[in-house]
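Asks: Show me how the following folds:
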Amino acid sequence: MSESYKRIAAIDIGTNSFHLIVVEVKENGKVKFLDRKRVFLRLGTGIKAGKSFISENDYYLAINALKKFASIVKYHNAQVRAVATSAVREASNNSEFVNRVLQETGITVEIIDGKTEANLIFTGMKNALPIKDKSVLGIDIGGGSTEFIYAVDGKTQFTESVKVGAVRLSKIFFPDFIINDDSVKKCEEYVAGQILSNKNILKDNKLDFTIGSSGTVDTICLVKEHQKKVKVTKELNGYEFYKAEFDEVYNLIMNLKSSEERMRIPGIESKRADVIPAGLIILKQAFKIFNIKKLVLSEFALREGVVFDLIEQNV
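Replies: I've put the predicted structure just below:
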């Protein structure tokens, strides 16, 4: 880079939330995080002719959020890349959404496919954790999809996106966000079927460890931190938990039938309490299918991956 520094912003338009990060890239390649914003917002809640679509209310909320993001990007004089994932790529009016966002905010939104999303997530993960000489499985549980990445010595062997996400499954199996044994069992069977039917996802690879990122895994780590009854750690990157510890948190949360009950658990954000059971079911099935012994949290995921991808391209 010809400048002594460069500023890059990444916007992640997800199914459950919108995220913005702004970083400064020094001449030596070091990255300094300048700003970070998150808005809980669920897109594609409307259904028309069996397909999801972005409603007028969705537009209003999304454009409001993105206008605020655009102001922050302008303040930092940053180059911006905005990517949209599952909710937008599956919405019947996604091209109209992209056009309206550009007209009203000046932000160009790139709708990425599942494989691109998985690759960018792994770019974030490998910049968060020392995995360049390891064999690792990466799991990122989103609102609409879950990405599975297997890599050896920093090189990906498969990057797959499966249409199981915390919001998607909640709509199908827990529409009132109340869970019961029957709906949980049906959801478990569905998740297992979706993962196992993807022939590109190899189930018996050697694993040094598994990496998890995004809301469900963050929540497990936060619940565990609060259980220690000491000052909660703000930096959770590299936080580890074993299967038995996951099972404890799973049983604690899944014994609470309603969102209101789940909200009372320290570490569970109120905006995530309704969909956290579905996220936990996805992770439980992953533990079982891949015979996972230990999971390590990566605080970097898609948005950080976008930043590091731009840096690697020297854009």
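
Asks: So which residues of the stretch 101-250 of the chain form strands?
Replies: 109-111, 135-141, 146-152, 155-162, 209-213, 240-242 (DSSP state E, counting those that start in this stretch).

Asks: Including mean neighbour count, could those go into JSON lines?
Replies: To be clear about C-beta, it is placed using only N, CA and C from the backbone, and glycine gets the same treatment. Listed next are the strands of the stretch 101-250 of the chain as JSON lines, based on neighbours: other CB atoms under 10 Å:
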{"stretch": "strand 109-111", "mean neighbour count": "18"}
{"stretch": "strand 135-141", "mean neighbour count": "24"}
{"stretch": "strand 146-152", "mean neighbour count": "24"}
{"stretch": "strand 155-162", "mean neighbour count": "18"}
{"stretch": "strand 209-213", "mean neighbour count": "24"}
{"stretch": "strand 240-242", "mean neighbour count": "15"}
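
Asks: In CSV, list those along with distance to V22 and mean pLDDT.
Replies: Below are the strands of the stretch 101-250 of the chain laid out as CSV (distance: least, CB to CB, whole Å; pLDDT from 0 to 100):
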stretch, distance to V22, mean pLDDT
strand 109-111, 17, 97
strand 135-141, 22, 96
strand 146-152, 24, 96
strand 155-162, 26, 95
strand 209-213, 20, 95
strand 240-242, 29, 94
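
Asks: To V23, which of those strands lies closest?
Replies: strand 209-213 (17.5 Å; CB to CB).

Asks: which helices and strands does that closest one pack with?
Replies: helix 114-126, strand 135-141, strand 294-297 (3 or more CB pairs under 8 Å, 6 or more residues apart in numbering; DSSP states H and E).

Asks: any chance of these in TSV, plus distance to R81?
Replies: Shown next, in TSV, are the helices and strands packed on strand 209-213 (distance: least, CB to CB, whole Å):
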stretch	distance to R81
helix 114-126	10
strand 135-141	18
strand 294-297	25
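
Asks: Tell me which of the ones you listed sits nearest to G305.
Replies: Between the helices and strands packed on strand 209-213, helix 114-126 lies closest to G305; by CB to CB that is 3.5 Å.

Asks: which residues are contacting that closest one?
Replies: 83, 85-86, 112, 131-132, 136, 138, 140, 145, 147-149, 151, 154, 156, 159-161, 211, 213, 298, 300-306, 308-309, 312 (CB atoms under 8 Å, 6 or more residues apart in numbering).
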